[in-house]
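predicted model and sequence below, questions to follow.
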Amino acid sequence: MGLVWFVGKEDEMKKLVFVIATISSLLLIGCGSDVNRVTDPSTTPPNSPSASAGNVEYQKGILTDKNWESRFLDLRFTMPSGYVMATESEVRGMMEIAADVVNIDYSKLSTVYEMMATSFPSGHPNVIVMVEKLSLSNMTIEQYVAALKIQLSSITTMTYSFSSDLTDVTIAGHVYKQFSAECQANGMTILQNIILRKIDNRVAGLIVSYTESTKSEMEILMKGFSKY
């Protein structure tokens, strides 16, 4: 599934569609979770824990055309120049939430996309922030990563390889676990840093995609994150 954010030259659009499709595959597969497909704001996905299952009440962050912030994640993002942020309606579209649905209780959804920002016109680097409710609240990050790698390896339209170890990275004062991935499809090689933190019965994920030639830009992009 791809999400077109921009209007531009045909070759630029092809690159952007591929980038978003790659990331969508990563996030939609998740750790065995289904797409939300919300048509009724009161609907809770089947077999999902209730919103009060954990000790921390989840609330979706606030998204604007240039910034994003989340009290739950204790995180802010200020978009650098040269980037474009996905709109709220585009993020909702990625979650397959019907356009006419209002007053959504995001705490009931299994997976929530918080924000997406990408360099334009190249499409690299880009970042997505998501939050996933764990089907088993006692699952560790290590177990989550192991399951995620299996899911990604099963994708037939692209080939993934992974770093063997999890490393600690600190973002805005919080320690996350990170592993790296390399995705090859349609003659393109995309590098990804998958950065995860467990918060009660949810996993927060920052998925940063870039190319070999845009590593320095990726480092600048990550400086856009700060404490809430």
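Noted; the coordinates are in hand.

can you map out the helices along this protein?
10-29, 88-94, 141-153, 215-222 (DSSP state H).

the second one - what's its average pLDDT?
I take that to be helix 88-94. Taken as a whole, helix 88-94 has an average pLDDT of 86.

just the last one next, same as before
On average, the pLDDT along helix 215-222 is 94.

contacts for it, please.
If you take Cβ atoms under 8 Å, 6 or more residues apart in numbering as the criterion, helix 215-222 is touched by Pro80, Tyr83, Ala117, Ser119, His124, Pro125, Val127, Ile171, Leu191, Asn193, Val208, Tyr210. The C-beta positions use only the backbone N, C-alpha and C, and glycine is treated the same way.

neighbour-wise, give me the winner out of those.
Among the contacts of helix 215-222, Pro125 has the most neighbours (other Cβ atoms under 10 Å), with 27 neighbours.

who touches it in this structure?
Thr118, Ser119, Val208, Ser209, Tyr210, Thr211, Thr214, Glu217, Met218, Leu221.

now do it against Gly93, distance only.
22 Å (Cβ to Cβ, to the nearest Å).

now do Met116
The value you get for Met116 to Gly93, if Cβ to Cβ is used, is 11 Å.

the two: who's more crowded?
Met116 (26 against 16).

Ser107 versus Tyr58, what's the distance?
In terms of Cβ to Cβ, Tyr58 sits 5 Å off from Ser107.
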